[in-house]
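**Student:** Sequence plus the predicted model coming up.
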Amino acid sequence: MANCPNCGEKIPFWNIKAECSKCGVSIPNFNWVERLEEDNKNAEKSFGVFYKTINRMQYSLLGSKLRIVRLVLTFLPVIGFILPWASVKSDGSSFDLALLSFSGGKTAIDILSQVFSNFSLISANMGFENNSGPVTFMFLGTVFFFLSLLFIVFAFLLNILKCAKPKTKSTVIFDIFSIAASIVSVVLFTMASSGNDFTAFAMGSLAAINISGGFSWGYIVAVILLIAATGINVAVAVAPAKSDEELEAERIAKAAAKEAKAKAEEIRKQKAREEAAKAYEEEQKNIIAEAKKKVAERKAKEEAKKHTK
């Protein structure tokens, strides 16, 4: 049950009249000017929040050269995970700590696949090694490899998801986690081939005999990219950021400049249309004058012929 906005009289739900039965005021139109002004204020407030968010997002992602470089460098480390960080070579199956293998060996994805498909066998082999042999080290190295990849992907996504906060430091934390996990990953994977007394092992259905291997060049590239991503995120976090008022002023100035440019272009086009119309009109006048001249010349010739006769 509603009440009349003017007199407060209770209006039963079956009353469909627009006027109040007590005071006679039109309920839909009551105080409509004030309500319209209130709606305008609420709309302006909503648009203000919207523009503030858009300004902040654009500035955080592409607002300066430093931020554009940050967006690129926080993605580039993913490429480093394609390169080999460490390797375990053998007369049987060989393994590369990478998402892709350029030597024909098994990749970190293959190792993870073996973990899911033959976990009980791998767990038994780890127990046989007292959790200190090549299977254990390769398994843990692969886990930290994917953790490092996960952290750097989180760092990149946070740059986008938290773009409303231009000085967020959470990306730096995930960058550091990624570097730490990568170091642990390479150390463990290297220990699988050189830090134990085993010369053969089985990673699920993949057997390795006469194992060797160690650190690979790809990790140098990967860690440089990771450090670069961390450095650029630190630089953005400590760099001075523009306030919402400055960003809004810039947006208004750009909008005004765009409007002025559009207006100037419209004036130029209008002037061109007027000049074209004037030129056309002048051309038509010339055509008519030329036609009249020819008619006059023809009449003059005809008159001359009549006089000669």
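**Tutor:** Perfect, I can see it now.
**Student:** Measure how buried Phe154 is and give me the count.
**Tutor:** Counted with other Cβ atoms under 10 Å, the neighbours of Phe154 add up to 18. Every C-beta, even on glycine, is put in place using the N, C-alpha and C of the backbone.
**Student:** what are the phi and psi angles of it?
**Tutor:** Reported as degrees, to the nearest 10, the phi and psi values for Phe154 are phi -60, psi -40.
**Student:** Check Gly213 too.
**Tutor:** On the backbone of Gly213 - angles per degrees, to the nearest 10 - the values are phi 130, psi -160.
**Student:** Without its sequence neighbours, what residue ends up closest to it?
**Tutor:** Using Cβ to Cβ, 6 or more residues apart in numbering and skipping the chain neighbours, the partner closest in space to Gly213 is Ser193 (3.8 Å).
**Student:** Run a quick neighbour tally on that neighbour.
**Tutor:** Taking other Cβ under 10 Å as the neighbour definition, Ser193 ends up with a count of 23.
**Student:** measure Lys271 to Gln284 for me?
**Tutor:** In this structure, Lys271 lies at 20 Å from Gln284, with Cβ to Cβ, to the nearest Å as the measure.
**Student:** ditto for Asn3
**Tutor:** As defined by Cβ to Cβ, Asn3 lies at a distance of 73 Å from Gln284.
**Student:** Give the buried residues for stretch 79-95.
**Tutor:** Going by neighbour count (16 or more other Cβ atoms under 10 Å), the buried part of stretch 79-95 is 80-81, 83-90, 93-95.
**Student:** For the stretch 101-250 of the chain, which residues score under the pLDDT cut-off?
**Tutor:** In the predicted model of the stretch 101-250 of the chain, residues 163-168, 195-196, 241-244, 247-248 satisfy pLDDT under 70.
**Student:** which stretches of it form helices?
**Tutor:** Using DSSP state H, counting those that start in this stretch, the helices of the stretch 101-250 of the chain run over 108-117, 119-128, 134-161, 170-194, 218-238, 244-308.
**Student:** In CSV, list the ones you listed along with distance to Cys7.
**Tutor:** Below are those laid out as CSV (distance: least, Cβ to Cβ, whole Å):
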stretch, distance to Cys7
helix 108-117, 73
helix 119-128, 76
helix 134-161, 52
helix 170-194, 57
helix 218-238, 60
helix 244-308, 44
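**Student:** quick one, phi psi at Gly104?
**Tutor:** phi 90, psi 0.
**Student:** List the contacts of the residue nearest to it when sequence neighbours are not counted.
**Tutor:** Leaving aside its chain neighbours, Gly104 sits nearest to Ser94 (7.6 Å; criterion: Cβ to Cβ, 6+ apart). Taking Cβ atoms under 8 Å, 6 or more residues apart in numbering, we find Ser94 in contact with Ser87, Val88, Ser103, Gly104, Gly105, Lys106, Ala208, Gly213.
**Student:** so what's the residue nearest to the first one when sequence neighbours are not counted bridging to?
**Tutor:** What that stands for is Ser87. Closest residue to Ser87 in three dimensions, ignoring its sequence neighbours and counting by Cβ to Cβ, 6+ apart: Gly213, at 4.4 Å. Gly213 has these beta-bridge partners by DSSP bridges: Val88.
**Student:** Next one: Gly213 relative to Ser94, how far apart?
**Tutor:** The span separating Gly213 from Ser94 equals 8 Å under the rule Cβ to Cβ.
**Student:** any common contacting residues for those two?
**Tutor:** When contacts are counted by Cβ under 8 Å, 6+ apart, the set common to Gly213 and Ser94 consists of Ser87, Val88.
**Student:** returning to what we had before: to Ala200, which of the helices of the stretch 101-250 of the chain lies closest?
**Tutor:** Comparing the helices of the stretch 101-250 of the chain against Ala200 with Cβ to Cβ, the closest turns out to be helix 134-161 (8.7 Å).
**Student:** Would you mind getting the angle between that closest one and helix 218-238?
**Tutor:** Computed with axes from the mean of the first three to the mean of the last three Cα atoms, to 10 degrees, the direction of helix 134-161 lies at 30 degrees from that of helix 218-238.
**Student:** How about helix 134-161, which residues are buried there?
**Tutor:** Buried residues in helix 134-161, counting neighbours by 16+ other Cβ under 10 Å, are found at 134-149, 151-156, 158-159.
**Student:** Just give me how far that helix sits from the chain centre.
**Tutor:** In this view, helix 134-161 has its centroid 22 Å away from the chain centroid, taken as Cα atoms, centre = their mean, to the nearest Å.
**Student:** From the contact counts, what lies against that helix?
**Tutor:** helix 32-62, helix 77-80, strand 86-89, helix 108-117, helix 119-128, helix 170-194, strand 200-203, helix 218-238 (3 or more Cβ pairs under 8 Å, 6 or more residues apart in numbering; DSSP states H and E).
**Student:** From Lys169, how far off is the residue positioned nearest the centre of the chain?
**Tutor:** Relative to the mean C-alpha position of the chain, the nearest C-alpha, by Cα atoms, centre = their mean, is the one of Ile160, at 5.7 Å. For Ile160, the distance to Lys169 under the criterion Cβ to Cβ works out to 16 Å.
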